[in-house]
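Asker: prediction below, plus the sequence it came from.
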Amino acid sequence: MYSTSSLAFLEDKIVLKDYPHYEVMMDWEVNIMSASSALACENGGDILEIGFGMGISANYIQQHDIKTHTIVESHPQILDILHNWAKNKPNVNIIEGDWVKVVDQLSTYDGIFFDTYADENATDFHLILDKIVNKGCNLTFWNGAKNKTNMLGISGVEYIEMSVNPPSNSYFNENTYYLPLKKY
Ligand SMILES: C[S@@+](CC[C@H](N)C(=O)[O-])C[C@H]1O[C@@H](n2cnc3c(N)ncnc32)[C@H](O)[C@@H]1O
């Protein structure tokens, strides 16, 4: 179970402590995180981010002209870092726990970035979307697919091709990333 696994925090990545070849997040994704954050924040307003990780996208989201930034995070070690990060950020609202268990605490949003890890319920995320999107909301998410599809079962998505150059890793070794965008 991921949320009870110990994590190791390296300079350029977070890995599972007992299985260090499994990366939870890596900093080569910086351009993807920047672009994902820009899409999520395009309308300003209330932004929902699910999965804090290294806080790369969270830092980009904070640079946009937004009203609120709600972050859902489930891992206790990352929550400690997140609470510290959020200390001087009055527009940040932290919701602790697996997103699937905190759906009742969610509001409605103008932009959403979904980026979890080892999430057995990710393919159910689309089921809650109608309840949490405002009209015009931009939804984007981490897309591990190697083409213009996605593994979350979200329909009506357009894809923006990005060139990327990842170092060898356990989850994405392509040179094109298909950045997803669904406009509601
Ligand atoms: C790939 S990282 C997110 C990377 C982040 N976008 C960044 O820029 O660093 C995935 C994050 O999702 C969290 N996570 C995994 N499963 C989750 C779940 N079911 N609910 C909430 N957070 C989850 C992990 O603990 C981790 O912090």
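Answerer: Perfect, thanks for sending it. Residues are numbered from 1 along each chain as shown.
Asker: which strands and helices sit next to the helix or strand hosting residue 81?
Answerer: Using DSSP states H and E, residue 81 maps to helix 76-85. Under the contact criterion of 3 or more Cβ pairs under 8 Å, 6 or more residues apart in numbering; DSSP states H and E, the helices and strands touching helix 76-85 comprise strand 7-9, strand 68-73, strand 92-96. Just so you know, the C-beta spots here come from the backbone N, C-alpha and C atoms, and that holds for glycine as well.
Asker: quick check: mean pLDDT of the shortest one?
Answerer: Yep, that's strand 7-9 we're talking about. What strand 7-9 shows for mean pLDDT is 98.
Asker: same question for the second one.
Answerer: Per-residue pLDDT values over strand 68-73 give a mean of 99.
Asker: which other residues reach that strand?
Answerer: Applying Cβ atoms under 8 Å, 6 or more residues apart in numbering, the set of residues contacting strand 68-73 from outside is 45-52, 58, 61-62, 79, 82, 86, 89, 91-97, 99, 102, 106-107, 109.
Asker: list only buried entries from these.
Answerer: Neighbour counting by 16 or more other Cβ atoms under 10 Å classes 45-52, 58, 61-62, 79, 82, 86, 92-93, 95-96, 99, 106, 109 among the contacts of strand 68-73 as buried.
Asker: ok, and which of those residues reach the ligand?
Answerer: 50-52, 99 (Cβ under 6 Å from any ligand atom).
Asker: I'd like the distance between residue 164 and residue 140.
Answerer: Relative to residue 140, residue 164 is positioned 15 Å away (Cβ to Cβ, to the nearest Å).
Asker: er, residue 1 I mean
Answerer: Look at residue 1 and residue 140: by Cβ to Cβ, they are 27 Å apart.
Asker: please say which of these two ends up with more neighbours.
Answerer: residue 140 (25 against 6; other Cβ atoms under 10 Å).
Asker: ok, the residue lying closest to the more buried one once chain neighbours are set aside - how many residues close by?
Answerer: With Cβ to Cβ, 6 or more residues apart in numbering as the criterion, residue 140 has its nearest non-adjacent residue at 4.6 Å, and that residue is residue 39. The number of residues packed near residue 39 is 20, by other Cβ under 10 Å.
Asker: the host helix or strand of residue 39 vs strand 68-73, what angle?
Answerer: Residue 39 is located in helix 30-40, with elements delineated by DSSP H and E. The directions of helix 30-40 and strand 68-73 differ by 130 degrees, with axes from the mean of the first three to the mean of the last three Cα atoms, to 10 degrees as the criterion.
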